[in-house]
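> Output the structure for:
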Amino acid sequence: MDYIHRAVEDIAIRADKTFKSIVVTGARQTGKTEMIKHLFPGKKYVPIDDPFVEEQANDNPDMFMMVNPPPVIYDEVQRAPGLFRYIKIACDKTKEKGLFCLSGSQPLELMEQTSESLSGRVGIIELLPLSQREINRDPFYLPFLPTLEYVRQRNQTAKSPENLWERIHRGGYPELQDPEVDWNMFFSSYVKTYLERDVRRLTAVHDMSDFRRFMVAVAARTGQMLNYSNIADEIGKDQATVKAWMSILETSGIVYLLEPYAPSVLNRAIKTPKVYFRDTGLAAYLTRWLTPETLANGAMSGAFFETFVISEILKSYANRGIDYRYLVSYYRGRDKKKTKKSGETVETESEIDLIIEENGILYPIEIKQSSKVTADESAAFTVLDRVNEKKRGTGSVICTCPQPGMLRENILQIPVWFI
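You can find the predicted model right below:
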């Protein structure tokens with residue numbers, strides 16, 4: 001299969017020219033090694049996950065650096081923590097840029113070592129699974145924002161997929177973009193490798209089947225508010241263990257915890273994060289939705305659609321080198337809103353699926369898998385008007401409608417493929 005160009009490539013090249021070191025981090029199998037080898041063919045490639053190389057790097061890091069001097073790529077560098085001291089020394093000896101390209105599939109260990117040893121000397125690149133733009137070879141690069149100007153520019157290249165649920169089910173790992181790769185076999189191997197290599201290094205889990213059951217329980221709750229007690233009851237573990245294991249999933253790039261928007265003025269806001277799997281294909285594998293058709297028509301279709309949308313929006317920011325963690329949130333409060341359902345007026349808790357904050361403006365987003373939506377879907381957006389120090393911007397309902405349009409003044413409907 002041909003190399004798929006990554007949207008973050010120009011950011012990585014710019015960082016290499018700006019910093020003495022760059023770190024490319026992300027979950028296993030997101031394409032880190034392939035991208036850095038493609039971008040930096042002039043740098044020597046040293047795979048530290050090779051047992052012989054790992055032993056050399058750990059036993060005698062000084063000599064190892066002499067044999068493998070910069071400019072160099074150290075892949076899976078977190079396996080040789082002693083190297084970071086010598087990388088720091090090498091960086092401090094010169095003003096030259098682009099000395100080291102470091103990568104690893106255990107973000108927690110890698111970032112701990114980076115922050116301790118290379119603070120101020122390193123540019124950090126997060127590589128997530130492939131976005132739909134990347135799969136489509138779409139050159140559009142702007143981060144998603146539900147504004148008329150964004151929609152106008154996005155309309156120039158946006159293309160509806162032939163089968164959206166095939167995309168959601170298959171997921172975004174680069175290897176799976178080859179139709180010859182068996183979906184079930186890939187994820188079976190992925191989970192086994194993740195458990196045996198990453199989880200064992202990060203925690204003292206004695207029985208990997210317990211952690212596997214935990215992963216399945218979390219996958220079944222993608223798109224939901226995080227309830228540690230509920231998960232603990234299901235898998236027969238205490239809440240402290242579940243919290244520790246959730247931290248492992250988060251720091252190793254398997255899930256993302258979306259924090260609630262809860263300023264003091266919104267005193268009825270619920271302050272519990274929501275959990276989303278980073279890749280819908282992996283979540284579908286763990287919850288045993290074995291085909292796109294069963295997933296599209298199953299009980300979890302809405303949760304998977306929402307997970308897919310959130311994931312694509314986060315990728316649009318990560319691929320521009322933007323730390324989205326401070327920009328995105330969701331709102332759910334005990335304020336009641338009135339909506340019509342089956343011809344009857346019902347009261348439900350107010351919820352906004354996603355809020356993007358930029359320059360003091362709050363952009364509320366509702367996510368619906370339906371192709372027909374109404375302005376009533378945005379009823380909860382007005383709760384943001386109470387936040388005096390912020391301004392409410394254009395809101396949107398992201399759905400499967402055929403074309404973007406206005407639902408009412410300041411409220412857009414946006415097709416999912418416009419992300």
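
> give the contact list for the residue nearest to residue 279 when sequence neighbours are not counted.
Distance criterion C-beta to C-beta, 6 or more residues apart in numbering; nearest residue to residue 279, sequence neighbours excluded, is residue 171 at 4.5 Å. Glycine gets a C-beta too; all of them are placed from N, C-alpha and C. Taking C-beta atoms under 8 Å, 6 or more residues apart in numbering as the criterion, residue 171 is in contact with 129, 279, 280, 281, 282, 284.

> Helices - which of these land there?
280, 281, 282, 284 (DSSP state H).

> Let me have the residues you listed in JSON lines, adding distance to residue 317 and pLDDT as columns.
Listed next are the ones in helices among the contacts of residue 171 as JSON lines, based on distance: C-beta to C-beta, whole Å; pLDDT from 0 to 100:
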{"residue": "280", "distance to residue 317": "18", "pLDDT": "98"}
{"residue": "281", "distance to residue 317": "21", "pLDDT": "98"}
{"residue": "282", "distance to residue 317": "21", "pLDDT": "98"}
{"residue": "284", "distance to residue 317": "24", "pLDDT": "98"}
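
> Rebuild those as CSV, extending it with neighbour count and distance to residue 318.
Shown next, in CSV, are these (neighbours: other C-beta atoms under 10 Å; distance: C-beta to C-beta, whole Å):
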residue, neighbour count, distance to residue 318
280, 29, 16
281, 23, 18
282, 26, 17
284, 29, 22
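
> Would you mind putting those residues into CSV with distance to residue 12 alongside?
Listed next are the ones in helices among the contacts of residue 171 as CSV, based on distance: C-beta to C-beta, whole Å:
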residue, distance to residue 12
280, 25
281, 25
282, 25
284, 30
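
> ok now do residue 276, which residues does it touch?
Contacts for residue 276 were tallied using C-beta under 8 Å, 6+ apart; they are 222, 223, 255, 256, 257, 258, 306, 307, 310, 311.

> Buried ones from these, can you make that a PyMOL selection?
If you want just the buried ones from these in PyMOL, going by 16 or more other C-beta atoms under 10 Å, the selection is:
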select buried, resi 222+223+255+256+258+306+307+310+311
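
> Just the strands from the stretch 1-150 of the chain, written as ranges.
In the stretch 1-150 of the chain, the strands defined using DSSP state E, counting those that start in this stretch lie at 21-25, 44-47, 72-75, 100-104, 122-126.

> Run through the helices of the stretch 201-350 of the chain in chain order.
Secondary structure of the stretch 201-350 of the chain (DSSP state H, counting those that start in this stretch): helices at 208-219, 228-235, 239-251, 280-286, 292-297, 301-318.
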